[in-house]
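Peer 1: mind looking at a prediction? Sequence and model below.
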Amino acid sequence: MKNKKTLVLGASTKPVRYSFLAIEKLVDKGHSVLAIGQNAGEVAGIKIQTKAIPLKNIDTVTLYLNPLRQRDYYNYIVEAQPKRVIFNPGTENPEFYQLLKLNDIKVEIACTLVMLATNQY
């Protein structure tokens, strides 16, 4: 399996949150993980940053932010030039899909946890 460097945007230290579970599963599967969230903390050895961090060689951005909160990250994500952005349930955003596609970034409307569990990541 190939390591897909992944940014989890909307990361949480709360074990009941899907972003928390995604970080754990990504780490379990051997992917490099970066995380940005509202509150600093740590999940599965990954530090959650509260501000935008420099991004290099990002394969995937997986979103856990509602569409309104995503707007603050449009340019940040486009400039990072990931191969794809995964819109998890509740993060669907047609406006952002268009911007990503214009910049040759693949849009996936899916669930990161399901993709990991079924080896489709």
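Peer 2: Perfect, thanks for sending it. Small disclaimer: the values here were computed from a predicted structure and weren't measured.
Peer 1: which residues does the residue nearest to the spatial centre of the chain contact?
Peer 2: Centroid-nearest residue in the chain, with C-alpha atoms, centre = their mean: T62, separated by 2.2 Å. Going by C-beta atoms under 8 Å, 6 or more residues apart in numbering, T62 touches 6-9, 22, 85-86, 88, 112. Every C-beta, even on glycine, is put in place using the N, C-alpha and C of the backbone.
Peer 1: could you redo the last one with a cut-off of 7 Å?
Peer 2: Residues near T62 by C-beta atoms under 7 Å, 6 or more residues apart in numbering: 6, 8, 22, 86, 88, 112.
Peer 1: please, which helix or strand holds it?
Peer 2: strand 60-63 (DSSP states H and E).
Peer 1: what are the ranges of the strands in the protein?
Peer 2: 6-11, 33-37, 41-43, 46-49, 60-63, 84-87, 106-109 (DSSP state E).
Peer 1: now I23. Nearest residue, chain neighbours left out?
Peer 2: V43 (4.4 Å; C-beta to C-beta, 6 or more residues apart in numbering).
Peer 1: just A117 next, same as before
Peer 2: Nearest to A117 is K25, by C-beta to C-beta, 6+ apart, at 7.6 Å.
Peer 1: any idea of the angle the top helix by length along the chain forms with strand 33-37?
Peer 2: Assignment by DSSP state H gives helix 18-28 as the longest helix of the chain. Helix 18-28 runs at 170 degrees relative to strand 33-37, counting by axes from the mean of the first three to the mean of the last three C-alpha atoms, to 10 degrees.
Peer 1: okay, helix 18-28 in CSV with CA atoms only?
Peer 2: The C-alpha coordinates for helix 18-28 follow below in CSV (Å, rounded to 0.1, in the frame of the first residue of the first chain):
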residue,chain,number,x,y,z
TYR,A,18,-15.3,11.2,12.7
SER,A,19,-12.2,13.4,12.1
PHE,A,20,-10.6,11.8,15.3
LEU,A,21,-11.4,8.3,14.0
ALA,A,22,-10.1,9.2,10.5
ILE,A,23,-6.7,10.3,12.0
GLU,A,24,-6.5,7.0,14.0
LYS,A,25,-7.3,4.9,10.9
LEU,A,26,-5.0,6.8,8.6
VAL,A,27,-2.1,6.3,11.1
ASP,A,28,-3.0,2.6,11.5
